[in-house]
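Undergrad: following is a predicted model, sequence given first.
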Amino acid sequence: MKNLRKLNRKRAEPLLDAERKKDSGVTRLPQRDESELSGFKKKALYSFVIIIVFFALAITRLWFLQVQQGDYYNLLADSNRVRSIEIAAPRGNIYDRKGREIVTNRPSFNVVWIRENNKINDEWLKRLTRLLKLDATTLLEKIRKMAGGPGHIPVRLAEDIDWETVARIENNRMYLPDIKIEVVPLRIYHYGNLASHLIGYMGEINKAELDKADKTLYKGSDLIGKMGLERLRETDLRGEKGHDNMEVNALGFEQENLKGDEPLPGKDMYLTLDVELQKIAEEEMAVKNRAGAVVVMEANTGRLLAVASAPELNLEEFVGGISQKAWQGMLDNPLHPLINKVIQGQYPPGSTYKPITAFAGLAEGVITPETTFFCPGSMQFANRTYRCWKKGGHGTVSLKRALGESCDVYFYNVGLKLGVDRLAKYGKMFGLGEKTGVEMEYEKPGIAPSSEWKRKRYNVKWHEGETLSVAIGQGYNLTTPLQVGMMTMVVANGGTLYKPSVVEQIIDPNGKQVSAFKPEVLSMLQGQGKNLKLVREGMVEAVNSKRGTGREAQIDSSHGIIVGGKTGTAQVVRLAQYIHLKEDDIPYKYRDHAWFTCFAPASNPEIVVTVLVEHGLHGGSASAPIASKILNKYFEDKFKEQEGGGAALGQGGRPVHRVVLSQEMLEDTDPPPIEDPEEGSGGPSPEPNDSAN
């Protein structure tokens, strides 16, 4: 135990002598370090500044959110509370020049499904398919199409349902609370497919169109113009959507209807078309299932009174999306209904080109009205034979007679004197070889061939023999029916080329005129009135002389109106095996195209009519009668509008001084016999008999 105590007892360690001297028994504090204290003060100041800045930023942000951006966030809050449903705007109506309704709107009923917080089950699907008489696959496909979009945007399950279906849906409302009836305006075509290529149709906007469109104006499932004026004038016609505001709770269920805004209808569009003339043009082309085009225009303004492309389009097939079967049927149709032949069909102008050759010869001084050429029925040039349509020839022919009887040999000679480049120059003065600028889609320019054009196109030089073909409207010449109409307009009005127009005026929903048609001059032939008068006289001869090629275009003699015009045959292909066949035995696709273009009244022209019948063989028999019926209707309506059925009025209400037919012109004679063309030696083929043309 003693030893243990000794071991546990601690002994104080002896201090060193140095420490004993220093140790006074008093505790000493270390000396203050001023630099260290300064560091602590700085840290405290920095911390204070940071805290001040933090609170300042927080207060500034709160002020910005609540004061500066208060309205914006208030709107966001309201949007969570208020749901805005778009209401489709009634589209603008389309009228003809006299105010007759062509396209308007009617209410249609669509079935829509509100997806938000609603589920699909078998019972729901069976009931809906039974009510709509649709298969489940179709309904599910429409629902999948809208997957991923906002839940409050309804899914359109059926469109334009009938009253019976509406009644069935309403009677089953308690079983289908998420199904609603949506009322939207739908286009109604009062004249069926009238002017279908011009007016066009509407359809549901696709993804590509939606990506390019203004998202504030369009959304998925909206209807948009797809073709024609419905597409080109979309901005004018579409109107502005309205909104139906609905208050919803936190779960998104509708609680109460709030005040919204009504949709603003689109602008009304008045066309330059005359419905009655358009109907005659389309009906006449449809009588024998013809393909081709009719153009009717005012000679002194450029207004288009009728633009018919045959066959017409069935607009109903395009509404809601055309089926693959219907689309393929149109593609396979040999009459090519998808082509707007007024501006997209390109054809050799045939003898309708001869007025340009005649005018160019007069303007360039290579011929005079008294210049004559002898026509034996053919012409030799460069070891080749170029034949006239009349096998026996016309004998000695002057300008007026050459135009009246369409003598090819006369114009072969004039063409050689002019050369192709001068022919091309004058062709363009009359609107050939260039787009007209009319408000239609995908217009073709045609071809006014020249030596430079051929060098660029084929990298070969021009041959003089080719000029003979061009001089009678064959060879490389290509024109559209609208271009031939414009060419005739220049001849008729004395040298002014107007831009063709189809829209007369635009009227807003308040009845205010937004825009109106004004004649637009593209070019003018200065100082050529005398030469154009000579060409007009030759064209009058073509319709009214005993051997004129366009006598079928003469109109009711009670009207006292003389018509000037020109027939033409556009050769499609020259095949030796068909030369001696009867026309009805030639395959349709190898038959010649039939042209007729004219103006009236002859002394003071106010209307131009151009008709092309594809594979119609002869302009005089296939096309001229159609023009005659259109002219008769035009002047008949014109006389009815005049007080007491008096004399016809010209531009500005001035009386028309009519040409009185001479006894010779009125003489009832049989047309010259149809000549069978002979096979040539490789040159341009002869035109079929223009008297039956």
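TA: Now that the structure is in, tell me what you want to look at. Numbers count the residues shown, from 1 in each chain.
Undergrad: that's a strand at H197, yeah?
TA: No: assignment of H197 by DSSP: H, G, I helix; E, B strand; the rest coil gives helix, placing it outside any strand.
Undergrad: and stretch 312-332, end to end?
TA: 15 Å (C-alpha to C-alpha, to the nearest Å).
Undergrad: err, stretch 502-514, not the other one
TA: Start-to-end, stretch 502-514 (C-alpha to C-alpha) is 16 Å.
Undergrad: next, the buried residues of it.
TA: Within stretch 502-514, the residues scored as buried using 16 or more other C-beta atoms under 10 Å are V502, V503, E504, Q505, I506, I507, D508. In short, each C-beta sits where N, CA and C put it, glycine included.
Undergrad: before we move on, what about stretch 388-403?
TA: Those would be C388, W389, K390, G393, H394, V397, S398, L399, K400, R401, A402, L403, for stretch 388-403 by 16+ other C-beta under 10 Å.
Undergrad: what residue ranges in the stretch 501-650 of the chain score low on pLDDT?
TA: 557-559, 573-585, 588, 643-650 (pLDDT under 70).
Undergrad: go again using 90 as the cut-off
TA: 526-527, 529, 543-561, 568-593, 602-604, 614-624, 636-650 (pLDDT under 90).
Undergrad: how about the strands of it, start to end?
TA: Along the stretch 501-650 of the chain, the segments classed as strands by DSSP state E, counting those that start in this stretch run 503-507, 513-516, 521-524, 564-570, 593-600, 607-613.
Undergrad: returning to what we had before: just the ones of the buried residues of stretch 388-403 in helices?
TA: L399, K400, R401, A402, L403 (DSSP state H).
Undergrad: how about JSON lines for those residues, with pLDDT added?
TA: Shown next, in JSON lines, are these (pLDDT from 0 to 100):
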{"residue": "L399", "pLDDT": "93"}
{"residue": "K400", "pLDDT": "92"}
{"residue": "R401", "pLDDT": "92"}
{"residue": "A402", "pLDDT": "93"}
{"residue": "L403", "pLDDT": "93"}
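Undergrad: okay if I get these as a markdown table plus distance to N632?
TA: Converted to a markdown table, these look like this (distance: C-beta to C-beta, whole Å):
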| residue | distance to N632 |
| --- | --- |
| L399 | 30 |
| K400 | 26 |
| R401 | 28 |
| A402 | 29 |
| L403 | 24 |
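Undergrad: how about L304, secondary structure?
TA: Quick answer, by three-state DSSP: L304 is strand.
Undergrad: ok, it touching L273?
TA: Yes: between L304 and L273 there is a contact at 6.8 Å, judged by C-beta atoms under 8 Å.
Undergrad: just name the closest of the ones in helices among the buried residues of stretch 388-403 to G266, please.
TA: L403 (48.6 Å; C-beta to C-beta).
Undergrad: so which residues of the stretch 1-150 of the chain form helices?
TA: Along the stretch 1-150 of the chain, counting by DSSP state H, counting those that start in this stretch, helices occupy 2-8, 17-22, 34-63, 70-81, 122-132, 136-145.
Undergrad: re the thing from before, any chance of the buried residues of stretch 388-403 in a markdown table, with distance to Y353 too?
TA: Shown next, in a markdown table, are these (distance: C-beta to C-beta, whole Å):
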| residue | distance to Y353 |
| --- | --- |
| C388 | 16 |
| W389 | 14 |
| K390 | 18 |
| G393 | 21 |
| H394 | 18 |
| V397 | 17 |
| S398 | 19 |
| L399 | 15 |
| K400 | 17 |
| R401 | 18 |
| A402 | 13 |
| L403 | 12 |
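Undergrad: just the closest of these to A310, please.
TA: W389 (26.3 Å).
Undergrad: name the residues contacting each of L304 and L273.
TA: Common contact partners of L304 and L273 (C-beta atoms under 8 Å, 6 or more residues apart in numbering): V502.
Undergrad: on that earlier part again, deepest-packed of the strands of the stretch 501-650 of the chain, please.
TA: strand 564-570 (a mean of 33; mean count of other C-beta atoms under 10 Å).
Undergrad: any idea of the angle it forms with strand 607-613?
TA: 20 degrees (axes from the mean of the first three to the mean of the last three C-alpha atoms, to 10 degrees).
Undergrad: strand 564-570 pairs with which strands, parallel or anti?
TA: strand 593-600 (antiparallel) (DSSP bridges).
Undergrad: how far away from the center of its chain is the strand it pairs with?
TA: Distance of strand 593-600 from its chain centroid, counting by C-alpha atoms, centre = their mean, to the nearest Å, is 25 Å.
Undergrad: gap between the two ends of stretch 193-201?
TA: 10 Å.
Undergrad: so for it, mean pLDDT?
TA: Stretch 193-201 carries an average pLDDT of 93.
Undergrad: could we number from 23 for the rest of this?
TA: With the count now opening at 23, the last piece we talked about shows up as stretch 215-223.
Undergrad: what about the stretch 273-422 of the chain, any weak spots by pLDDT?
TA: Looking at the stretch 273-422 of the chain by pLDDT under 90, you get 273-286, 309-312, 335-360, 399-400, 402-416.
Undergrad: ranges for the helices of it?
TA: 297-309, 346-354, 376-385, 421-427.
Undergrad: what's the third one packed up against?
TA: I take that to be helix 376-385. Counting contacts by 3 or more C-beta pairs under 8 Å, 6 or more residues apart in numbering; DSSP states H and E, helix 376-385 packs against helix 421-427, helix 430-440, helix 442-451, helix 503-515, helix 551-566, strand 586-592.
Undergrad: fine by me, thanks again.
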